[in-house]
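# coords please:
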Amino acid sequence: MDRDYWNKYYEKTVVGGEPSSFAQVCASKYLTTDSVILEPGCGNGRDSFYFASLGYTVYAFDQSSRIIARVTDQNTFDNLTFYTENVANIQNPQEDLTQLNYATSKINCIYTRFVLHSLSQEEESELINWAYTALPFDGLFLIEARSIESSLYRKGKKVGKHTYFYNEHCRRFIDKEELSDVLLSRGFVLIDVMEGKDVAVQGEDNPVVIRVAAKKVRKSQ
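Here you go, the predicted model:
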């Protein structure tokens, strides 16, 4: 993940704002009163603030120290904690190890929106492995990411499988079947999987996205 790119990006980004439609769907369909959420790659905190406003305990981190400083400064919720870390380092944290360990001991839901396509395939695998290990049984792994069906797919210079450098930014688009197989092979059960557009509109950008709700269950189930 390109820290310099995201630091520059978040210099122009408003903190908070309206929650994503994915966050609203997750709150209405999957979260329960005892949900404790970890949000890797929280960005400007829009969904973190939303979940906290609903009363959930939330731990959120991002690799951009600049945006974390800003969201921390504007955070008024006792049930929301921000800290700095790179999702790519999830198995070997480099920055706030104590905070991550504390959060991991509490959580039962990992929420990632527009994160997987910012990771390499190896980093994605590490995140999924870590998520399965970190979550308790019945814990949720909630994912939204850009699909290979997106109009941006194949634009720019190809730098890896499903991965293109375009507009000063590297994106790895996600194959729904491949992601589903990886989650299943790791031990997750898929509760919901969808792929489509008109659900993650941002300005003129209306990407095809994949949404997955997965649960860690005991093998006997």
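# helices or strands up against the longest helix anywhere in the chain?
In the chain, assigned by DSSP state H, the helix with the most residues is helix 121-134. Other elements packing on helix 121-134 under the criterion 3 or more Cβ pairs under 8 Å, 6 or more residues apart in numbering; DSSP states H and E are strand 109-113, strand 140-146, helix 176-186. C-beta here means a position set from N, CA and C on the backbone, and glycine is covered the same way.
# reformat the ones you listed as CSV; add mean pLDDT.
Output for these, formatted as CSV (pLDDT from 0 to 100):
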stretch, mean pLDDT
strand 109-113, 97
strand 140-146, 97
helix 176-186, 96
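# got these as JSON lines, with distance to residue 35 and mean neighbour count columns?
Shown next, in JSON lines, are those (distance: least, Cβ to Cβ, whole Å; neighbours: other Cβ atoms under 10 Å):
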{"stretch": "strand 109-113", "distance to residue 35": "5", "mean neighbour count": "25"}
{"stretch": "strand 140-146", "distance to residue 35": "8", "mean neighbour count": "25"}
{"stretch": "helix 176-186", "distance to residue 35": "19", "mean neighbour count": "15"}
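# dump the ones you listed into JSON lines; add distance to residue 193 as well.
Below are the helices and strands packed on helix 121-134 laid out as JSON lines (distance: least, Cβ to Cβ, whole Å):
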{"stretch": "strand 109-113", "distance to residue 193": "15"}
{"stretch": "strand 140-146", "distance to residue 193": "9"}
{"stretch": "helix 176-186", "distance to residue 193": "6"}
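# from residue 205, how far out is the nearest residue to residue 120 once chain neighbours are set aside?
What sits nearest to residue 120 in space, not counting adjacent residues and going by Cβ to Cβ, 6 or more residues apart in numbering, is residue 172, at 6.6 Å. The gap separating residue 172 from residue 205 is 17 Å, by Cβ to Cβ, to the nearest Å.
# which one's more surrounded, these two?
Per other Cβ atoms under 10 Å, whichever of residue 172 and residue 205 has more neighbours is residue 172, with 21 against 11.
# got a list of what that one touches?
Applying Cβ atoms under 8 Å, 6 or more residues apart in numbering to residue 172 gives the contacts 116-121, 124, 160-163.
# direction included, what does the helix or strand residue 190 falls within pair against?
Assigned by DSSP states H and E, residue 190 belongs to strand 188-196. Strand 188-196 pairs in its sheet with strand 209-216 (antiparallel), by DSSP bridges.
# so residue 27 sits against residue 55, correct?
No. Using Cβ atoms under 8 Å, residue 27 is not in contact with residue 55; the gap is 10.4 Å.
# quick one, which of those two is more surrounded?
Using other Cβ under 10 Å, the more surrounded residue of residue 27 and residue 55 is residue 27, with 18 against 11.
# sec struct for that one, please.
Judged by DSSP: H, G, I helix; E, B strand; the rest coil, the three-state class of residue 27 is helix.
# contact partners for it?
Neighbouring residues of residue 27 by Cβ under 8 Å, 6+ apart: 50-51, 54.
# show me what contacts the nearest residue to residue 26 once chain neighbours are set aside?
Using Cβ to Cβ, 6+ apart and skipping residues adjacent in sequence, the residue nearest residue 26 is residue 142, 5.2 Å away. When contacts are counted by Cβ under 8 Å, 6+ apart, residue 142 touches 22, 26, 30, 109-112, 212-214.
# nearest to residue 103, out of those: which one, please.
Nearest to residue 103 among those, counting by Cβ to Cβ, is residue 110 at 10.2 Å.
# so what's that closest one bridging to?
Applying DSSP bridges to residue 110 gives these bridge partners: residue 38, residue 141.
# no further questions, thank you.
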